[in-house]
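A.B. asks: Okay, sequence plus prediction incoming.
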Amino acid sequence: QVQLVESGGGLVQAGGSLRLSCAASGRTFTSYAMGWFRQAPQKDREFVATIRWNGGTTYYGDSVKGRFTISRDNAKNTVYLQMNSLKPEDTAVYYCASSQYFGASASRAPSNYDYWGQGTQVTVSS
């Protein structure tokens, strides 16, 4: 069992930055990859980013590449999402999730993640 708790969401103006955090507990943090997804109203859950258990490899969704950075601190059992140059279309609920799978394709599918946080709202105003 894994418990995931996101924090750091809020309201920001376009062009601004936010850093999301996701604290994990319950299972050895280094046993799994971590990912971030987001879901806007009336839209499917969208892959944002993922990071290998040791932080050595990352993948990003096309819409956030070059603006967002995923990282993890295994000593703190925490994964982060640094979001820069935010746009109104980045507005969504952001979720972190854990997975036993990692790969360029496998990590993009929500079905490959077994535990999810409750989500944190990010709103970007124009």
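C.D. replies: Ah, there it is. Numbers count the residues shown, from 1 in each chain.

A.B. asks: Identify each buried residue in stretch 78-92, please.
C.D. replies: Going by neighbour count (16 or more other C-beta atoms under 10 Å), the buried part of stretch 78-92 is 78-81, 83, 86, 90-92. For every residue, glycine as well, the C-beta is placed using N, CA and C.

A.B. asks: Check stretch 31-51 too.
C.D. replies: In stretch 31-51, counting by 16+ other C-beta under 10 Å, buried: 32-38, 45-51.

A.B. asks: Farthest pair within the buried residues of stretch 78-92?
C.D. replies: Across the buried residues of stretch 78-92, the longest distance by C-beta to C-beta is 23.9 Å; it joins Thr78 and Thr91.

A.B. asks: what are the ranges of the strands in this protein?
C.D. replies: Under the criterion DSSP state E, the chain contains strands at 3-7, 10-13, 18-25, 33-39, 46-51, 58-60, 68-73, 78-83, 92-99, 115-116, 120-125.

A.B. asks: quick one, what contacts the residue lying closest to Arg72 once chain neighbours are set aside?
C.D. replies: Once flanking residues are discounted, Arg72 sits nearest to Val79: 4.4 Å by C-beta to C-beta, 6 or more residues apart in numbering. For Val79, the contact set (C-beta atoms under 8 Å, 6 or more residues apart in numbering) comprises 21-22, 24, 34, 36, 51, 70-73, 96.

A.B. asks: And those residues, which of them are buried?
C.D. replies: Buried among the contacts of Val79 (16+ other C-beta under 10 Å): 21-22, 24, 34, 36, 51, 70, 72, 96.

A.B. asks: Make CSV from these and add distance to Tyr113 to it.
C.D. replies: Shown next, in CSV, are the buried ones among the contacts of Val79 (distance: C-beta to C-beta, whole Å):
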residue, distance to Tyr113
Ser21, 18
Cys22, 12
Ala24, 13
Met34, 9
Trp36, 10
Ile51, 13
Ile70, 14
Arg72, 15
Cys96, 9
